[in-house]
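# need a structure here:
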Amino acid sequence: MALVVDPVIIVNLIFCIVIVALGIVGYKKVKSTVPLYIAAAFGLFGISHFATILGYASSSTVLVIIRGLAYIIVIYALYKMAFSK
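Next up is the predicted model:
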C-alpha cells in the first residue's frame, strides 16, 4: 500500500526547516536568544509534521504535547521580546 501524504503537511515541514535555519542564522547575527526560541519551536512543529508523514495520528497525545510545547516556546519568545529592556 502506497503512503499518501497531504501536500500541506510537506509544505509545512519544508517551512519549518527553513525557519529553523533562519533562526540559527538570526541568532548568530543579532546574538539574541529570541531567534533560537523561534527556531526551537518550529523544530518541534517540524517533528510533529514529520511524525504525521510517518503515519502517526495528528490527534495522538504525544503530538499534542509536542505542538503545545512549541506554542509555549513561541509565546515565551514573544513575551521576552516585548518586555525586555
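# residue 67 touches residue 44, doesn't it?
Yes: assessed by C-beta atoms under 8 Å, residue 67 is found in contact with residue 44 at 7.2 Å. Every residue, glycine included, has its C-beta placed from N, CA and C.
# who has more neighbours, these two?
More neighbours surround residue 44 than the other of residue 67 and residue 44, with 22 against 17 (other C-beta atoms under 10 Å).
# dump the C-alpha coordinates for the host helix or strand of residue 64 into CSV.
Using DSSP states H and E, residue 64 falls within helix 61-83. This file holds the C-alpha atoms of helix 61-83, laid out as CSV (Å, rounded to 0.1, in the frame of the first residue of the first chain):
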residue,chain,number,x,y,z
THR,A,61,-1.3,12.7,22.9
VAL,A,62,2.5,12.9,22.1
LEU,A,63,1.9,15.2,19.1
VAL,A,64,-0.5,17.4,21.1
ILE,A,65,2.2,17.7,23.8
ILE,A,66,4.9,18.5,21.2
ARG,A,67,2.8,21.2,19.5
GLY,A,68,1.7,22.6,22.8
LEU,A,69,5.3,22.9,23.9
ALA,A,70,6.1,24.6,20.6
TYR,A,71,3.4,27.2,21.2
ILE,A,72,4.6,27.8,24.7
ILE,A,73,8.1,28.5,23.4
VAL,A,74,6.8,31.0,20.8
ILE,A,75,4.7,32.7,23.5
TYR,A,76,7.8,33.0,25.7
ALA,A,77,10.0,34.3,22.9
LEU,A,78,7.4,37.0,22.0
TYR,A,79,7.0,37.8,25.7
LYS,A,80,10.7,38.1,26.1
MET,A,81,11.0,40.4,23.0
ALA,A,82,8.0,42.5,24.0
PHE,A,83,9.0,43.1,27.6
